[in-house]
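*Asks:* predicted model, plus sequence, below.
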Amino acid sequence: LDADNYETDPCLKEIRRAENYSWMDIVTIHKDKLPNYEEKIKTFYEEHLHLDDEIRYILDGSGYFDVRDKDDKWIRISMEKGDMITLPAGIYHRFTLDENNYVKAMRLFVGEPVWTAYNRPADDFPARKQYMKFLAEESQ
């Protein structure tokens, strides 16, 4: 993907069409750009899940998504300019900046955005149960 030309990138346009990502916005996470920066950073780092997929495309800067594997151990995913990630509904995760303390990311959604995060424990949601079933099937 071409993060410098995301507005006209045909690859991004095709991904959005194919995956039905009809809504998007851009968020800049930096102390001078994000209102309530300290509070938001703590919230992003709290282990949580969502009931919908979380799709992020890094336009500038860098950071880390931490996710839990099937054995409930952390896996750290380094994200930098040009990277895109889809975290499936029901996966426990968190986000933090790296030493640069800056990231600009596109947030993509299917339909209207849903921002609700459910902090751990949130094992009773159907999205979590479906995700755990997927992990069990993948490990067979």
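*Replies:* Sure thing, it's come through. Numbering: from 1, shown residues only.
*Asks:* what about the longest helix along the chain, average pLDDT?
*Replies:* What stands out as the longest helix in the chain, according to DSSP state H, is helix 126-138. For helix 126-138, mean pLDDT rounds to 95.
*Asks:* likewise stretch 103-122?
*Replies:* 95.
*Asks:* repeat for stretch 42-62
*Replies:* Per-residue scores along stretch 42-62 average to 97.
*Asks:* quick check: end-to-end length of that stretch?
*Replies:* Using CA to CA, to the nearest Å, one end of stretch 42-62 lies 17 Å from the other.
*Asks:* got the buried residues for that stretch?
*Replies:* 44, 47-50, 52-59, 61-62 (16 or more other CB atoms under 10 Å). Backbone N, C-alpha and C define where each C-beta goes, glycine included.
*Asks:* ok so, going back, mind listing what's buried along the longest helix of the chain?
*Replies:* 127, 128, 131.
*Asks:* can you show me the helices along the protein?
*Replies:* So, for the chain - with DSSP H - the helices run 10-19, 37-45, 126-138.
*Asks:* and the longest one, what does it pack onto?
*Replies:* With contacts defined as 3 or more CB pairs under 8 Å, 6 or more residues apart in numbering; DSSP states H and E, the packing partners of helix 126-138 are strand 48-49.
*Asks:* what does the strand it packs on rub up against?
*Replies:* 89-94, 117-120, 122, 125, 127-128, 131 (CB atoms under 8 Å, 6 or more residues apart in numbering).
*Asks:* among those residues, which ones are buried?
*Replies:* 89, 90, 91, 92, 93, 94, 117, 118, 122, 127, 128, 131.
*Asks:* among these, which two are most distant?
*Replies:* 94 and 127 (16.9 Å; CB to CB).
*Asks:* show the contacting residues for residue 75.
*Replies:* Applying CB under 8 Å, 6+ apart, the residues near residue 75 are 66, 67, 68, 69.
*Asks:* max-length strand in this protein?
*Replies:* If you go by DSSP state E, the chain has its longest strand at strand 54-68.
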